[in-house]
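# Sequence and predicted structure below; questions after.
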Amino acid sequence: MKKEFPEDMVPLENKEFRFSCHSGLQCYTLCCKNVDMYLFPYDILRLKNAVGLDSETFLRKHTHMVKGVNPYFPSLMLKLTDGQNACPFLLSDGCSVYEDRPSSCRTYPLERAVDRDAPRKTRKDYYFLTDHPYCLGHGENCSFTVNEWARNQKIHIFNLMNDLWAELDSIFLMNPWQGEGSGGPKQQLSFMACYNIDGFRKYTQSNDIFGHFRLARELKKEMERNDTELLKFGFEWLKFVLTGKSNLVKK
Ligand code: SF4
Ligand code: SF4
């Protein structure tokens, strides 16, 4: 069945759009100020490594917790600088974390929506072109298709990690804490595995979490040194803890 969207939202599909962002534009870095930006677990992992902070320090210094769309699990937003109300990673010559900038910065000027059919295990991505009047990039003489833009901005790994996160978030949406209520031990554990990867690494080591599951030795080694692999494991492990269903196989 064809997906319906509100009248003013037309998915780009394979159509080209015009855009280029560069330091020669008058609007350069305007979009990095007064910005409301949600940070997803993979965004946080990339940013904290980019700025060389441990997860806890990063969370304290650069994020604040808000009640987002999920009433049963908090969301995190980027904390802007006092006075300037700017992204803390913005320098006079541009973004200081460009290679590791969050999903929304790299997807812009597009917005992504995912239509999932969980029982059929199908999904489709839709992209929409935003058009903020202050953004002069739309007037530049450069064209991209969505796929070209995704390749150009290296969006795929972010989409992949955000999709895994969204699957878990849909479990949080079912209020899996039950009697514990929010802020109880399971929610705290979930928060740690999603947002505090350094804390979760210590937790897996001190509780021999890997030892409870059938995991290939190479994967265990990879997870010991690679935050992204550990985050993927954390998502699966939380599914196991909260629902008993996951791709992990217990020993
Ligand atoms: S072109 Fe758009 S995205 Fe680029 S700096 Fe200007 S406002 Fe920001
Ligand atoms: S992370 Fe970089 S691109 Fe994104 S808002 Fe901050 S300075 Fe701008």
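Received the coordinates, thanks. Ligands and ions are numbered 1, 2, ... in the order given.
# which SSE is residue 188 in?
helix 185-195 (DSSP states H and E).
# list the buried ones in that helix?
186-187, 189-195 (16 or more other CB atoms under 10 Å). No exception for glycine: its C-beta is placed from N, CA and C like everyone else's.
# And the pLDDT for the nearest residue to residue 75 once chain neighbours are set aside?
In this structure, residue 75 finds its nearest non-sequential neighbour in residue 68, 3.0 Å apart by CB to CB, 6 or more residues apart in numbering. pLDDT recorded at residue 68 is 83.
# what about the stretch 1-150 of the chain, any weak spots by pLDDT?
Scanning the stretch 1-150 of the chain with the threshold set as pLDDT under 70 gives 1-2, 118-121.
# For the closest residue to residue 106 other than its chain neighbours, give me phi and psi.
With CB to CB, 6+ apart as the criterion, residue 106 has its nearest non-adjacent residue at 4.4 Å, and that residue is residue 153. Dihedral pair for residue 153: phi -100, psi 0, per degrees, to the nearest 10.
# and this structure, what are its domains?
Here the chain is described, according to automatic domain parsing, as comprising the domains 17-154, 166-243.
# Kindly check the end-to-end length of stretch 116-124 for me.
End-to-end span of stretch 116-124 (CA to CA, to the nearest Å): 7 Å.
# Pull up the gap between the residue nearest to residue 106 and ligand 2, please.
11 Å (CB to the nearest ligand atom, to the nearest Å).
# Distance check, that residue against residue 235.
For residue 153, the distance to residue 235 equals 23 Å [CB to CB, to the nearest Å].
# try residue 33
Relative to residue 235, residue 33 is positioned 33 Å away (CB to CB).
# Which of these two has more residues huddled nearby?
Taking neighbours as other CB atoms under 10 Å, residue 33 and residue 235 compare with residue 235 leading, 23 against 13.
# Residues of this structure that sit close to ligand 2?
Counting by CB under 6 Å from any ligand atom, the chain comes close to ligand 2 at 32, 35, 87, 89-90, 95, 97, 101-102, 105.
# Look up how far residue 103 lies from the residue nearest the centre of the chain.
Nearest to the mean C-alpha position of the chain, by CA atoms, centre = their mean, lies residue 40 at 3.1 Å. Residue 40 sits 6 Å away from residue 103, going by CB to CB.
# try residue 41
Taken as CB to CB, the span from residue 41 to residue 103 is 11 Å.
# what about residue 153, neighbour count?
Neighbourhood size, residue 153 [other CB under 10 Å]: 17.
# Surely it and residue 107 touch.
Yes. Here residue 153 reaches residue 107: they are 7.1 Å apart, a contact under CB atoms under 8 Å.
# beta partners for the closest residue in space to residue 36 that isn't next to it in sequence?
Excluding its sequence neighbours, the residue lying closest to residue 36 (CB to CB, 6+ apart) is residue 77, at 6.7 Å. When bridges are called by DSSP bridges, residue 77 pairs up with residue 38, residue 64.
# May I have the residues that are in contact with residue 77?
By CB atoms under 8 Å, 6 or more residues apart in numbering, the contact set of residue 77 is 36-39, 63-66.
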